[in-house]
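**Student:** sequence first, predicted model second:
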Amino acid sequence: MKKYTIYISLLFLFITISCKNKTNNVPINEHKIQSMLWQQNAAEYKALCYQAFNFAKLRLDDILENQKADKPFAIIADIDETVLDNSPYDVKLIESDTRYEKSSWIEWGKLEIAKPVPGVLEFLSYANKKGIEIFYISNRYNEQLLETKNNLKKLGFPNADNNHILLRKEVSSKKSRRTMVNNSHKIIMLLGDNLTDFSEIYDNKKTKERNHLTDSLKHHFGNNFILLPNPIYGDWESKGIYEGKNWNTIQEDSIRRSKIISY
């Protein structure tokens, strides 16, 4: 009986250690594969992008016909996942089983091979031909200005110059850069994939607050806020799901599972 008890205890210990090791070896970005497959392969992703820019064009035509201003009109566009598609970088993170790092992000940017998000080049070119200035406000690091400008120029984006590309210098909030544009132009539309691309009221907000604010601003979406789909990353995840805190892989998995809703 004593030998049997010892055997059961050792077996339980072996199973516990095996399960723990298995959990610790779960790839960091395993949960992102389905989202990446959708963004890179689903025609629905393209359709949503085309839908956003088709509607933006309708709104732009309406604004130009019905609004007058004593300042030049401007459109503000985010860059990553709004103008440029960086999904190959995220795939590389999946392949290498690594997290986002500044060094690898800068290395990707220096390749200058990001492709345009579907429909955005046609829309911004159309707006520019109508006399609208395009400003690119992005949280890319300011040291990435040259390669960012080069990538945009290669693709034919309008206003791809130092005066219209405003990258992050000290703070991630885009409020001061939007204010700078607003001082000299009338901002008629903002394009983005993250709610902080539209207003600073979303800065550092958790999921419940983000949803409440969105309900209160619902009349802006499709009007002067044009939102692009991005299921891969964003404040919805880092500030919302993970509440702005750093967790290990196991903790992140537990948090994700705890925040999905069943019946």
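**Tutor:** Great, that's in hand. All values derive from a computational prediction rather than experimental measurement.
**Student:** please make it C-alpha for all contacts and neighbour counts, starting now.
**Tutor:** Fine.
**Student:** and Glu243, how far from Pro158?
**Tutor:** 37 Å (C-alpha to C-alpha, to the nearest Å).
**Student:** now do the strands in the chain.
**Tutor:** Assigned by DSSP state E, the chain shows strands spanning 73-77, 84-85, 115-116, 133-141, 165-168, 186-192, 225-227.
**Student:** which one of Glu243 and Pro158 is surrounded by more residues?
**Tutor:** Higher neighbour count among Glu243 and Pro158: Pro158, with 20 against 15, using other C-alpha atoms under 10 Å.
**Student:** skipping its backbone neighbours, what lies nearest that one in space?
**Tutor:** Nearest non-adjacent residue to Pro158, counting by C-alpha to C-alpha, 6 or more residues apart in numbering: Ser125, 6.2 Å away.
**Student:** same check on Lys57?
**Tutor:** Of all residues not flanking Lys57 in the chain, Phe123 sits nearest, at 6.7 Å (C-alpha to C-alpha, 6+ apart).
**Student:** wait, that neighbour touches Phe55, no?
**Tutor:** No - using C-alpha atoms under 8 Å, Phe123 is not in contact with Phe55; the gap is 10.0 Å.
**Student:** so the two - more neighbours on which side?
**Tutor:** Phe123 (18 against 14).
**Student:** show the pLDDT at that one.
**Tutor:** At Phe123, the model reports a pLDDT of 98.
**Student:** quick one, what contacts it?
**Tutor:** 53-54, 56-57 (C-alpha atoms under 8 Å, 6 or more residues apart in numbering).
**Student:** looking at those residues, which is nearest Leu190?
**Tutor:** Comparing the contacts of Phe123 against Leu190 with C-alpha to C-alpha picks out Ala56 as the nearest, at 9.7 Å.
**Student:** just give me the neighbour total for that closest one.
**Tutor:** Neighbours around Ala56, by other C-alpha under 10 Å: 24.
**Student:** can you tell me the closest non-neighbouring residue to it?
**Tutor:** Ile226 (6.8 Å).
**Student:** pretty sure that neighbour sits against Lys57.
**Tutor:** No - with contact defined as C-alpha under 8 Å, Ile226 does not count as touching Lys57 (10.5 Å).
**Student:** which one of these two is surrounded by more residues?
**Tutor:** More crowded of Ile226 and Lys57, by other C-alpha under 10 Å: Ile226, with 22 against 17.
**Student:** could you measure from the more buried one over to Leu190?
**Tutor:** In terms of C-alpha to C-alpha, Ile226 sits 6 Å off from Leu190.
**Student:** for the stretch 101-250 of the chain, what spans make up the helices?
**Tutor:** All helices of the stretch 101-250 of the chain, identified by DSSP state H, counting those that start in this stretch, fall at 102-110, 120-129, 145-155, 175-184, 207-216, 235, 249-258.
**Student:** format those helices as JSON lines; extra columns: distance to Leu37.
**Tutor:** Shown next, in JSON lines, are these (distance: least, C-alpha to C-alpha, whole Å):
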{"stretch": "helix 102-110", "distance to Leu37": "20"}
{"stretch": "helix 120-129", "distance to Leu37": "21"}
{"stretch": "helix 145-155", "distance to Leu37": "24"}
{"stretch": "helix 175-184", "distance to Leu37": "33"}
{"stretch": "helix 207-216", "distance to Leu37": "25"}
{"stretch": "helix 235", "distance to Leu37": "21"}
{"stretch": "helix 249-258", "distance to Leu37": "19"}
